[in-house]
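**Student:** just to be clear, the model below is a prediction. Sequence and coordinates:
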Amino acid sequence: MCFKRKSRLLSSLLTGFIVGVSGNLAYASPVTVKIGVVGPLTGEGAGYGKDILNGVTMAVEEANARHLRIGENDVHLEIVHEDDQSDPRTAVQVAQKLVDDGVAVVIGHFNSGTTLPASTLYERAGIPMITPSATNPAITGRGYANVFRIIATDAQNAGNAGAYAVKVTKAKRIAVLDDRTAFGEGEADEFVRAVNAAGGTIVDREYTNDKAVDFSAQLTHIKSFNPDLLFFGGLDTQSALIVKRMKQLGVDAQFLAGGGVADTNFLKLAGTAADGAMAWENGPSLQSLPGGSGFANGYKARFGSDPLPYSPFAYDGTRMAIAAMLTAKSVEPANISKALKGLDFNGLTGMVSFDRKGDLNHAVCTLYQVKNGAWQTVTSSAR
């Protein structure tokens, strides 16, 4: 009798244990995978930093809605975002925070000047970094295994601008001004190189800094060379101030800029002086993409504003990182990097794959011009 009671007790305990284990398995929490996002969220460039964060947010929300399963685990993606304030020293500090926080991948940084030092930390930590906006060729020119760029480089984009200035606009006397940042100066260097290669002539090269608001001295000196085209390496706010001052000083030259200019902020700040201004951007126009209007509508519905130039690339960079996790069946950074190198991804911005340096195998650049108070597409070029 005692034996039977013990047997029933043991059976009952085993049943309870099995039910408990089954219940725990059924209600096991998904594994949290952290995706780092970093760029300027305050100060100059904050609009672009928030645009990048919004692009990542859209991709992560879509992925989480699908209830991802990677390898043997259900996975929930979590965004960890940091503000580098467009400052190289701050960028290194927040990059170390992301490394210490155990992110699986980083989408960022925005500026070339912040990406260059920060990417060294990610490389040492073995964490893949995908920049959606930093375009200086040196970023991927150092032989790093974990650094990727999902946008055209300055060599590709400013190279287009230089060739276009000589061969299409037929400019004979070309002046150059840049903001002395890794981005702006890098753009200007590539532009000058392309102009020289096309047989053009640079008559003057001037410099400012990325905090300046008055360009009278530089533009007065440029005017003395009677240029027919001025190329500026820098971002939208300063570009707008420059075209306004050109008009006031009577600098009768075609204004041509590189990436980061063809947006609504430039139009608002430049006013009527914007008419005729041109800018080569490091990517295809959103309107030309099959899913472009759907992305723009979804972005506006989610955030209440139109997307800026870099959110589509942040969106694709995030989706590509997720695709690499699924391909590798792993959320380990080393496995993500390895999978990224062999991935052919059909993204919003086109077919995306990386060369041995981490740059795009096929990059598209687009030329815009302000007509009737709006940026309009002129042409595009693939490299």
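**Tutor:** Received it, and whenever you're ready, just let me know what you need. Residues are numbered from 1 along each chain as shown.
**Student:** confirm T366 sits in a helix?
**Tutor:** No. Checked against DSSP: H, G, I helix; E, B strand; the rest coil, T366 lies outside a helix; its state is strand.
**Student:** pLDDT on stretch 152-165, on average?
**Tutor:** What stretch 152-165 shows for mean pLDDT is 94.
**Student:** ok, and what's touching it?
**Tutor:** Here stretch 152-165 makes contact (Cβ atoms under 8 Å, 6 or more residues apart in numbering) with 135-137, 140, 171, 174, 183, 186-195, 197-198, 200, 229, 231, 233, 256, 258-259, 280-283, 359-360, 363-365, 367, 381, 383. Every C-beta, even on glycine, is put in place using the N, C-alpha and C of the backbone.
**Student:** apply 6 Å and report the result again.
**Tutor:** Residues from elsewhere that reach stretch 152-165 (Cβ atoms under 6 Å, 6 or more residues apart in numbering): 135-137, 171, 174, 186-187, 190-191, 194-195, 198, 229, 258-259, 280, 282, 363, 365, 381, 383.
**Student:** are any of the residues you listed buried, and if so which?
**Tutor:** With burial judged by 16 or more other Cβ atoms under 10 Å, the buried subset of the contacts of stretch 152-165 is 135-137, 171, 174, 186-187, 190-191, 194-195, 229, 258-259, 280, 282, 363, 365, 381.
**Student:** inside strands: which ones of the contacts of stretch 152-165?
**Tutor:** Judged by DSSP state E, these include 174, 229, 280, 365, 381 as members of strands.
**Student:** H76 contacts P30, doesn't it?
**Tutor:** Yes. Between H76 and P30 there is a contact under Cβ atoms under 6 Å: 4.3 Å.
**Student:** for the stretch 1-150 of the chain, what spans make up the strands?
**Tutor:** With strands called from DSSP state E, counting those that start in this stretch, the stretch 1-150 of the chain shows them at 31-39, 69-70, 73-83, 105-108, 129-131, 147-149.
**Student:** phi and psi next, for the residue positioned nearest the centre of the chain.
**Tutor:** The structure's the chain has its C-alpha centroid closest to P132; by Cα atoms, centre = their mean the separation is 1.9 Å. Backbone torsions for P132, taken as degrees, to the nearest 10, come to phi -90, psi 0.
**Student:** surely it meets F313?
**Tutor:** Yes. If you go by Cβ under 6 Å, P132 and F313 touch, sitting 3.5 Å apart.
**Student:** quick check: neighbours shared by the two?
**Tutor:** Common contacts of P132 and F313 (Cβ under 6 Å, 6+ apart): 150-151.
**Student:** show me the contacts for the residue nearest to the centre of the chain.
**Tutor:** P132 makes contact with 52, 150-151, 310, 313-314, 317, according to Cβ under 6 Å, 6+ apart.
**Student:** nearest to A301, of the strands of the stretch 1-150 of the chain?
**Tutor:** When these are compared by Cβ to Cβ, strand 73-83 sits nearest A301, at 19.1 Å.
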